[in-house]
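*Asks:* Make a model of this:
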Amino acid sequence: MVFRRRSSLEADNLKMRQSHRCINGQIGRSWALRFASAGYLVALYDVIPERVTRTLESLLEQLHSQSRDGLLRGTLGVEEQWGRIRGVQDLGECVTGAVWVQANPPSCSRVAELVPAPWTAPETVTRAQDLIKAIGQSPITLKKEIPGFILNRMQYAIMAESYRLVKGGFLSPDGVNKTLSAGLGRRYAFLGPFQTAHLNAEGFGSYCERYADMIHRVQQSFGAPQQMGGALAEHIQEEMAKEVPLDRLGGGQEKKGSQDGSAWKTQRRFGRRQVIEIRDIKDINTVIIISD
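*Replies:* Coordinates of the predicted model:
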């Protein structure tokens, strides 16, 4: 995605900047809607022009669906947001005069992980943080890069133990889900792990004095990482499909006219994250953001 700032008067009065998206698909659609909801102009590009047409049709459907379900973001109405999105046929049109380039970030999470390179200028990081905040996101800035980045590592740790508990016969898949959705997840969603621990004792130091040994003993029983798949994965899927059948999930591109899967995912999928890797291109004053 490439951002080009309009005149300062226009930006101040209309709260609009030029935003050109150079990536299509489900991920691209999600970010297009996110920026349009904040008043940015968005242009979609794909090497296959027909995909842009299909994406534009899908975006309009999603806007109407979100409006019906009370999930429309920002203060702009459907037509106002839709009016800020267009398709382009030439990549050069996207990058000419750009001050910001972004490619392929996921959606459906408020947090955006900013990953500066060792040579990234501090003002570049600040500029990235300000832009992410301007569209209603919550940036976190890594001090250095690590495989999986942050949210994925925490998510995978929970997934690994959840899988191990089911495989070991300790709990059903539904029981694992309820433990998070009705228990731990409620506390962590509002406070996070450290603030939760801090409030569970007379501060985090007191928490460590009381529980560090027990936590360490339990952690030692976790065992080595296990590859998910096979019969157990099929069993878990069957259990999950009792609540949400596979035909309600749609696909990467939901079928036209069918909003079941899309609406469900919009309301229930909060685990995705955005990982943004910042590169400072000083010669053209551009920030390039790449996400896995």
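*Asks:* C-alpha only now, for contacts and for neighbours.
*Replies:* Noted.
*Asks:* For R29, give its distance to L56.
*Replies:* Remark: distance between R29 and L56 (Cα to Cα, to the nearest Å) = 8 Å.
*Asks:* where exactly do the strands run in the stretch 1-150 of the chain?
*Replies:* Ranges of strands in the stretch 1-150 of the chain, per DSSP state E, counting those that start in this stretch, are 2-4, 18-21, 41-44, 85-87, 100-103, 111-116, 138-141.
*Asks:* And the ones you listed, which one averages the lowest pLDDT?
*Replies:* Note on the strands of the stretch 1-150 of the chain: lowest mean pLDDT is at strand 2-4, with a mean of 39.
*Asks:* Give me the contacts around stretch 200-218.
*Replies:* Residues outside stretch 200-218 that contact it (Cα atoms under 8 Å, 6 or more residues apart in numbering) are 194-195, 197-198.
*Asks:* Name the member of those with the most neighbours.
*Replies:* A197 (19 neighbours; other Cα atoms under 10 Å).
*Asks:* Any chance of TSV for the contacts of stretch 200-218, columns pLDDT, distance to D90 and secondary structure?
*Replies:* Output for the contacts of stretch 200-218, formatted as TSV (pLDDT from 0 to 100; distance: Cα to Cα, whole Å; DSSP: H, G, I helix; E, B strand; the rest coil):
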residue	pLDDT	distance to D90	secondary structure
F194	96	48	helix
Q195	95	49	helix
A197	95	52	helix
H198	96	53	helix
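*Asks:* would you turn the residues you listed into JSON lines with distance to V218?
*Replies:* Shown next, in JSON lines, are the contacts of stretch 200-218 (distance: Cα to Cα, whole Å):
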{"residue": "F194", "distance to V218": "18"}
{"residue": "Q195", "distance to V218": "21"}
{"residue": "A197", "distance to V218": "17"}
{"residue": "H198", "distance to V218": "20"}
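*Asks:* residues in contact with P147?
*Replies:* Here P147 is in contact with R153 (criterion: Cα under 8 Å, 6+ apart).
*Asks:* Which strands or helices does the lengthiest helix in the chain pack on?
*Replies:* Counting by DSSP state H, the longest helix found in the chain is helix 49-68. Here helix 49-68 touches helix 25-37, helix 78-82, strand 85-87, going by 3 or more Cα pairs under 8 Å, 6 or more residues apart in numbering; DSSP states H and E.
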